[in-house]
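Chemist: quick one, structure for this:
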Amino acid sequence: MCYNVVMVISEEKFNQALEKAEKEYKALDKVKCPYLNNEDVHFNAEGFQHLFYKKGTIKRQREDTYIRLCLLPLAKKVISRSYTLQQYYEENRFERVQSNSQWKHEMKLVKYYGFMAIINNALIKVIVKEIQGRNKNFYSIIPKWQINEKNGQKKKVLHTGNPEED
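Modeler: Below you'll find the model as predicted:
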């Protein structure tokens, strides 16, 4: 597994992780979540795209994407074993919706559910996103730490903030 944060990732290594993650993600359809009354959480294209981009078109750093690709197989485990909610956030925001065969942006209530677990010595958070009137979907998997270096000192820092970007 690839949980090491401080790394240089070759093109070959990144592409191998990408190929493996794409194959496994396409095989996922949905998983029941105990906390959400055993409702299905679906795995769609938006969740996979969010591994590469923050908030639509802001590209993630390559190392960040690589770690998320490596952690992706754990998302199903976290969701299917979650009986407790660790984070909840909701907001009204413009979301892209299809109406009469056309795409448009409408104001919708969006809910984010955060589930955390330690699996294979990795502390990770999985975000499930629910847009008003639609299915609950896998949205993101986040390593719950990052390494910041300041004045030659390395320090682990927890990811915090907006679930739309994390």
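Chemist: excluding chain neighbours, what is closest to residue 21?
Modeler: Nearest residue to residue 21 in three dimensions, chain neighbours excluded: residue 69, at 4.2 Å (C-beta to C-beta, 6 or more residues apart in numbering). Using the backbone N, CA and C atoms, a C-beta is placed for each residue, glycine as well.
Chemist: does that neighbour belong to a helix, a strand or coil?
Modeler: For residue 69, the assignment made with DSSP: H, G, I helix; E, B strand; the rest coil gives helix.
Chemist: run a quick neighbour tally on it.
Modeler: Residue 69 has 24 neighbouring residues, counting by other C-beta atoms under 10 Å.
Chemist: same check on residue 36?
Modeler: The burial count assigned to residue 36 is 17, neighbours taken as other C-beta under 10 Å.
Chemist: please name the nearest non-neighbouring residue to the most centrally placed residue in the chain.
Modeler: By C-alpha atoms, centre = their mean, the chain has its centre lying nearest to residue 140, at 0.9 Å. Take residue 140 and drop its neighbours on the chain: the residue closest to it by C-beta to C-beta, 6+ apart is residue 127, 4.2 Å away.
Chemist: other SSEs contacting the longest strand anywhere in the chain?
Modeler: Longest strand in the chain, counting residues (DSSP state E): strand 102-119. Contacts defined by 3 or more C-beta pairs under 8 Å, 6 or more residues apart in numbering; DSSP states H and E place strand 102-119 against helix 74-80, strand 87-99, strand 122-131.
Chemist: any stretches of this structure with poor pLDDT?
Modeler: Low-confidence segments of the chain (pLDDT under 70): 1-7, 145-149, 153-166.
Chemist: go ahead and confirm residue 111 touches residue 130.
Modeler: Yes: the criterion here is C-beta atoms under 8 Å, and residue 111 meets it with residue 130 at 4.4 Å.
Chemist: those two: who's more crowded?
Modeler: residue 130 (20 against 15).
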